[in-house]
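[1] Test case, fold it:
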Amino acid sequence: MTGQRDRWAELTGGQAGEEYARRFARLAESGQDVHGEAAFCDALLKPGSRVLDAGCGTGRIAIRLAELGHHCTGVDLDPSMLAVARRRAPGQDWLLGDLARLDALELKPGFDLVLAAGNVIPLLAPGTESAVIRQLAAALRPGGLLVTGMGLDAAHLPLPEPPVTIEEVDRWCSEAGLTLRRRCATWDGDPYHPDCGYAVSVHVRPAV
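    Next up, the predicted model:
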């Protein structure tokens, strides 16, 4: 643990798991597609790939990817979110841990894809962002992909202003040995432009 509260904990007090789950249940009941992130990642993967859902929350994405045939491990620092994930999919791997100290969990390396969706990067503890990117990059196999989704303005964040920029994320990824492969404006793959307010980025760890 870093000993510093992340922005998510500051917003929620670490007690948001059940309400977060109900929110997405309501969206699904209204007919909205709540599996866009999983579909986006599945299209990048071969069958039976290993996926690390970093900041997995209630497990919505990891559970869907497992249903699609992938082997998923979820990590989160919020026990209330993990409690929902464990109840919904008790047979999957759900780990309580700090993404800035991912190595302390002694995960088997070589993931095909590491996912940080749901504004994980902007909601990290201030000052830990580059360390988290390094940890996520280190979990990848050569040729593996880091997929991130993040708001770039207040309209796409649960914060009054963005704490990090997409340029900073690209720099941290580059310092961690990753190369930008693709960037979209949505999980549906809409074209990215600088004023779109949201970025879905695919970085690759080059093969050796």
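[2] Surely residue 150 is within a strand?
    Yes. Secondary structure of residue 150, determined by DSSP: H, G, I helix; E, B strand; the rest coil: located in a strand.
[3] Relative to residue 48, how far out is it?
    With distances defined as CB to CB, to the nearest Å, the gap from residue 150 to residue 48 amounts to 28 Å. Where you see a C-beta, it was placed from the backbone N, CA and C, and this is true even at glycine.
[4] And the two? Which one has more around it.
    When residue 150 and residue 48 are compared on other CB atoms under 10 Å, the one with more neighbours turns out to be residue 150, at 23 against 10.
[5] quick one, what contacts that one?
    Residues counted as contacts of residue 150 (CB atoms under 8 Å, 6 or more residues apart in numbering) are 119-122, 164, 166, 169, 198-199.
[6] Confirm residue 72 sits in a strand?
    Yes. Judged by three-state DSSP, residue 72 forms part of a strand.
[7] Tell me the secondary structure at residue 145.
    Once three-state DSSP is applied, residue 145 turns out strand.
[8] Any idea what it is bridged to?
    On the basis of DSSP bridges, residue 145 is bridged to residue 113, residue 204.
[9] again, but for residue 140
    Listed by DSSP bridges, the beta-bridge partners for residue 140 are residue 111.
[10] Next, count neighbours for it.
    Taking other CB under 10 Å as the criterion, the count of residues near residue 140 is 24.
[11] Against residue 182, how distant is it?
    To residue 182, residue 140 is 16 Å away according to CB to CB.
[12] Repeat that for residue 48.
    In this structure, residue 48 and residue 182 are 23 Å apart, going by CB to CB.
[13] picking up where we left off before, would you mind giving the contacts of residue 150 as TSV with pLDDT and distance to residue 145 added?
    Compiled in TSV, those are given as follows (pLDDT from 0 to 100; distance: CB to CB, whole Å):
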residue	pLDDT	distance to residue 145
119	93	19
120	95	15
121	96	15
122	95	20
164	96	20
166	97	17
169	98	15
198	96	19
199	97	15
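[14] tell me the pLDDT at residue 22?
    Model confidence at residue 22, given as pLDDT, is 61.
[15] Great, nothing more from me.
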